[in-house]
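Visitor: Got a predicted structure plus its sequence, pasted below:
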Amino acid sequence: MLARRKAVLIATLLVFACLLGGQAVFAADQAQGQKIPTQNFLTDPQGYSASFWEVSQIAMDVWNKELGTDFKRQVEEHDQLIRKMFEGDYDCGILFIMGSPVRLDPGFLFNTFFYGNCPGFYNRIPRSQCPGGGGALNFPGYFNPEFNRLLKAQDRIFDYAERKAITDKMVEMIVQDRPALVLFSPYVLHLMNTSHWKNEKGMPGEGLGSAWNVMGIEPTGQDKVLRVGSTYAVPSINPMAVRRTQGYRVMDLIYDTLFRVDLEGKAIKWMAEEARVTDGPQGAKTAVEIKLRSDLKFHDDQPVTAEDVIFTVEFAKKFKAPDLYNYVKRVVKAEKTGPLSLTLHLAEPWSGVFHVLLSKMYILPEHIWAKIAETEKEPILWPNPQPVGSGPFKFVSWDKGAQLVLAKNPAYFAPVNPEKLVRVKFESMEMLAAAIEKGEIDLQWGEPMTSAIAERASAKPNVKAVKLPNHGFVMFTFRCSKAPYNDPAFMEALEYCLPRGLIMKRVYPGIAQEAVSPIPPGNKAWHNPRVFELARPYDPEKGREVLKRAGYTWDAQGKLCYPK
Amino acid sequence: MSARYLWARTGVMFFTAAALLAIQFFLFRLMPGDPTASVLSGGMTPEVQAELKRLWGLDQSLILQFWNYARNLVRLDFGVSFYRNVPVQEIVLPRFGNTILFMLTAMLWANLFGVGLGVLSVARRHRPVEGLLLLLGSVARATPLFVTGMLCVLIFAYHLEWFPLGGMHQVGALYDSFWQKYFNLDLAHHLVLPTFVAGLFYFTTPFFVMRASMLEHLHDDHLLLARAKGASPMQVLLRHVARNALSPVITTTALSLGFAVGGQVVVETIFRWPGLGSELVFSTFRRDYPVVQAIFFLISGTVILMNYLADLIYLFLDPRVRYEGAP
């Protein structure tokens, strides 16, 4: 009996010792009562984004003034900024999460940006110490076991209402845990010249750059050449090597996918005539049965068959297609069940299979790519000089960095209005706007137009500024495993002192939509309006009260100090 | 010109090129930041990141990367673009041709006008024309290219609509052959404004050099003989002064041609001219090292080659010139 008591006592002491040890580690960078050291606020150079520069300056000024913090700007070139955040080598910073179609899916969004399977998860350095890893772009290093549980649960649910209820809970968690503070969602502002084209079809996040608009925009007269301009260059025309949003825009036209994300943001059947999820050898709801349309043809008149789809899955897995591999590896086996039908066997149920994988996987013609897989040393690096897809447009020419020309695919199963598409690269927004004004270019793709230029240009006859909602958002991200961001009170105070209204009024007047969560109102299908009640309104007094209650103090110079 | 000098000068040229090659390669890699940041997206799994690093040879040591780079360069293989996934030569060689076309046109008129106006300014010394020409030269030289470029676009392309806003051909124009692509009125129309802007800047060098050189020769003894033989003042000026004054102009032209190939970043960017300059800006921002290295190699190679040619031409044109060590 005595021995048992001793054992319990020792165990209790050990637990306390561990806790104290943990506390010591936790407090290593949070010296009690000491002034909170200078926090580096990571931003892009001013030339890269003058508006983000201004937004971060406003927030830092208000925080430093109202809370006594010492935020200072740390400027990094964009790729390096991303890399630093990616590795957790930062305090806090500003980021724009662009609204690509795939990010409309909450499972994809959360798995990428907020899933972390251990405290302080960062993609590279501690991955080995973090079983299960985490979201590839979990910049804050967010870790919440309950959030992870819900995320896994919604990943396996195919019913929209059920998924929405869980998604709503997860969004609320993020708003209340504050690993990042979402500031607003900028509208996508694109210019178009209405002389030759009308009835444009805008898409959340994509603006006028979606395949829906390119296929469906209507000519006003006989001129059926659609001339689009963008400040982004076409990165690659190899559908397996494509890694960037601007690359997908072109690939969406040359190649086709089993599903496409529609203008409302939902994945709809496209090359697939039928698709359903059934039980399979891997378990319940792990088999995706697909039947292809019978009128599909590649640009060289070869029919699209189930073998082409299976080949594409296997090619992407074997050669580790950069963007696709993460998703296609969930397909354990692809099995042909008929000339036009097949079954994809998933390792586990995955509700994002249609939106994330099948809307993103361009179907390759096996009769071309099988040879490439055999003959090319590195098939992923194959330049694909004459792309042959089954999409709405055929490839004509690519003058790299200057102009890409596509021609209508007359055998395409859906209506395509333009006879020819010419995509021209511009060096600056001003020159692009001037070309649209002069009618040299019909409409804009990609990077949104700045509001001042759009306002001036749209005053001209035949020029129209199209303002479309976005599901992309601008956020401040915080390394939330590190003091002081690991303290909920500090984060709550920061939000109380975040002048979202002032920022929108001064920097984004009329060109941004209010948003406080990673699923802004632009994502109609998944937005949860209740988050606006949960977010803290601008009230510096309350921010200071929260800090006082949590034990924070201010030194003689008014600088914020950790609780004693 | 001795064969020994020629060999020595050629050797120096190759040594300089090799040294530059090494400097360029390591300089980019010494820049703050990680070159893989542009290649590897955070959204990729570690397996994919490792695979991409392997594909682009970024998993190798710097020395090995340099060795492979230098070895491939001998075969004119510049590697594969990180950003566009195509062989670099497919990107840079057509653009090099476009830049050469643009620069040769600009330099041609810059030199014709520069030399002509230089002669005119000497012929009309102490008259209002001289003052006007000096003012024009000074203003053209002092005005930054982006100012002249933007003003010309605004006035001649945007408001007056005399010329297109930019580019090399009309939007969407397709050509079946090299001949069709480079010998047509559309291209000539697109070429006028950018070459005018570049030429306005570059004409000042031959103008001032020609003028200074002519002023130097204006009191040479042999001119007395020419006058004594009954040559008119204009004949003396053109045949005896201008001719002798041309040597430094030719040298500076050769040198400035080399520099001009690399110096057109601003004009090409403003006029959306698909040349090396605009590509350099684009690829630098994306840290597309294989492309940037290839462009620097072509630019510095042109400068080195032009220096070499200038040295040889100078020796050829003026036999009085001898270099130290040369017989």
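Guide: Done, it's in. Numbers count the residues shown, from 1 in each chain, chains lettered A, B, ... in the order given.

Visitor: give me the residue from the stretch 101-250 of chain A nearest chain B.
Guide: residue A:236 (4.0 Å; C-beta to the nearest C-beta). All C-beta spots, glycine's among them, are computed from the backbone N, C-alpha and C.

Visitor: Count residues in the vicinity of that residue, would you?
Guide: Number of residues near residue A:236 (other C-beta atoms under 10 Å in any protein chain shown) recorded here: 23.

Visitor: Residue A:411 too?
Guide: 13.

Visitor: same check, this time on residue A:404
Guide: Number of residues near residue A:404 (other C-beta under 10 Å) recorded here: 24.

Visitor: Doesn't it lie inside a strand?
Guide: Yes. Using DSSP: H, G, I helix; E, B strand; the rest coil, the assignment for residue A:404 is a strand.

Visitor: nearest residue to it other than its sequence neighbours?
Guide: residue A:423 (4.4 Å; C-beta to C-beta, 6 or more residues apart in numbering or on different chains).

Visitor: Which elements pack onto the helix or strand where that neighbour lies?
Guide: Residue A:423 belongs to strand A:420-425 when assigned by DSSP states H and E. The contact analysis (3 or more C-beta pairs under 8 Å, 6 or more residues apart in numbering or on different chains; DSSP states H and E) places strand A:420-425 against strand A:225-230, strand A:403-408.

Visitor: Check which strands are paired with that strand and give the direction for each one.
Guide: Using DSSP bridges, strand A:420-425 pairs in its sheet with strand A:225-230 (parallel), strand A:403-408 (antiparallel).

Visitor: Any chance you could give me it in PDB, C-alpha atoms only?
Guide: Output in PDB follows, covering the C-alpha atoms of strand A:420-425 (Å, rounded to 0.1, in the frame of the first residue of the first chain):
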ATOM      1  CA  LYS A 420      -8.600  32.800 -81.600                       C
ATOM      2  CA  LEU A 421      -7.100  33.900 -78.300                       C
ATOM      3  CA  VAL A 422      -4.000  36.000 -78.100                       C
ATOM      4  CA  ARG A 423      -2.400  36.500 -74.700                       C
ATOM      5  CA  VAL A 424       0.100  39.300 -74.500                       C
ATOM      6  CA  LYS A 425       2.500  40.000 -71.600                       C
END
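
Visitor: which residues are contacting that strand?
Guide: Applying C-beta atoms under 8 Å, 6 or more residues apart in numbering or on different chains, the contact partners of strand A:420-425 are A:214, A:224-234, A:250, A:253, A:393, A:396, A:401-408, A:435, A:441, A:445, B:167, B:171-172, B:272.

Visitor: Only whichever of these are buried, select them in PyMOL.
Guide: Those of those that count as buried under 16 or more other C-beta atoms under 10 Å in any protein chain shown are selected in PyMOL with:
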select buried, (chain A and resi 214+225+226+227+228+229+230+231+232+233+234+250+253+393+401+402+403+404+405+406+407+408+435+441+445) or (chain B and resi 167+171+172+272)
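
Visitor: ok, back up a step: CSV please, covering the helices and strands packed on strand A:420-425 and showing mean pLDDT and distance to residue A:137.
Guide: Below are the helices and strands packed on strand A:420-425 laid out as CSV (pLDDT from 0 to 100; distance: least, C-beta to C-beta, whole Å):
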stretch, mean pLDDT, distance to residue A:137
strand A:225-230, 94, 24
strand A:403-408, 95, 29
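
Visitor: Show me the longest helix that occurs in chain B.
Guide: helix B:88-123 (DSSP state H).

Visitor: in it, what's buried?
Guide: Within helix B:88-123, the residues scored as buried using 16+ other C-beta under 10 Å are B:88, B:90-92, B:94-96, B:98-103, B:105-107, B:109-111, B:113-115, B:117-123.

Visitor: who touches the residue nearest to the residue of the stretch 101-250 of chain A closest to chain B when sequence neighbours are not counted in this structure?
Guide: Leaving aside its sequence neighbours, residue A:236 sits nearest to residue B:85 (C-beta to C-beta, 6+ apart; 4.0 Å). Residue B:85 makes contact with A:235-236, A:238, A:241, A:381, A:383 under the criterion C-beta under 8 Å, 6+ apart.

Visitor: The helix or strand of chain B with the lowest mean pLDDT close to chain A?
Guide: Least confident helix or strand of chain B, by mean pLDDT, DSSP states H and E, is helix B:46-55 with a mean of 77. Yes. Applying C-beta under 8 Å from any C-beta of the partner chain, one finds helix B:46-55 touching chain A at B:46-48, B:51-52, B:55.

Visitor: and those residues, which are buried?
Guide: Members of those classed as buried by 16+ other C-beta under 10 Å are B:48, B:51-52, B:55.

Visitor: Test my guess that residue A:99 contacts residue A:188.
Guide: Yes. The criterion here is C-beta atoms under 8 Å, and residue A:99 meets it with residue A:188 at 7.5 Å.

Visitor: quick one: common contacting residues for these two?
Guide: A:204-206, A:470.

Visitor: now those in CSV, with pLDDT?
Guide: Putting the shared contacts of residue A:99 and residue A:188 into CSV (pLDDT from 0 to 100) gives the following:
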residue, pLDDT
A:204, 82
A:205, 82
A:206, 86
A:470, 90
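
Visitor: In a helix, residue B:84, correct?
Guide: No. Residue B:84 sits outside any helix when classified using three-state DSSP, being coil.

Visitor: show me the contacts for it.
Guide: Shown in contact with residue B:84 (C-beta under 8 Å, 6+ apart): A:233-236, A:400-401, B:91, B:288, B:291.

Visitor: Spell out which parts of the stretch 401-550 of chain A neighbour chain B.
Guide: So far as C-beta under 8 Å from any C-beta goes, the stretch 401-550 of chain A lies against chain B at A:401-403, A:405, A:420, A:422, A:424-428, A:431, A:434-435, A:438, A:440-441.

Visitor: I'd like the distance between residue A:255 and residue A:412.
Guide: As defined by C-beta to C-beta, to the nearest Å, residue A:255 lies at a distance of 12 Å from residue A:412.

Visitor: more crowded one of those two?
Guide: For residue A:255 versus residue A:412, the count of surrounding residues by other C-beta under 10 Å is larger for residue A:255: 27 against 19.

Visitor: Would you check that that one makes contact with residue A:393?
Guide: No. Applying C-beta under 8 Å as the test, residue A:255 and residue A:393 come out as separate, 9.8 Å apart.

Visitor: which neighbours do those two share?
Guide: With the criterion set as C-beta under 8 Å, 6+ apart, the contacts of residue A:255 and residue A:393 do not overlap.

Visitor: Could you tell me how many residues sit around residue A:247?
Guide: When counting by other C-beta under 10 Å, one arrives at 23 neighbours for residue A:247.

Visitor: Might you report the residue contacts of it?
Guide: Counting by C-beta under 8 Å, 6+ apart, residue A:247 touches A:234-236.

Visitor: Kindly indicate whether the nearest residue to residue A:469 once chain neighbours are set aside is helix, strand or coil.
Guide: Of all residues not flanking residue A:469 in the chain, residue A:522 sits nearest, at 3.7 Å (C-beta to C-beta, 6+ apart). Under three-state DSSP, residue A:522 falls in the coil class.

Visitor: Centre-most residue in chain A?
Guide: Nearest to the mean C-alpha position of chain A, by C-alpha atoms, centre = their mean, lies residue A:103 at 4.5 Å.

Visitor: For residue A:128, give me the pLDDT.
Guide: You'll see residue A:128 listed with a pLDDT of 51.

Visitor: about what we covered before: now the phi/psi pair for the residue nearest to residue A:236, please.
Guide: The phi/psi pair for residue B:85 (degrees, to the nearest 10) reads phi 60, psi 30.

Visitor: State the helix or strand in which the one residue in the stretch 1-150 of chain A that gets nearest to chain B lies.
Guide: Relative to chain B, the nearest point of the stretch 1-150 of chain A is residue A:79 (3.8 Å; C-beta to the nearest C-beta). Assigned by DSSP H and E, residue A:79 falls within helix A:78-87.

Visitor: And residue A:544, by the same measure?
Guide: Here residue A:544 is assigned to helix A:540-549, by DSSP H and E.
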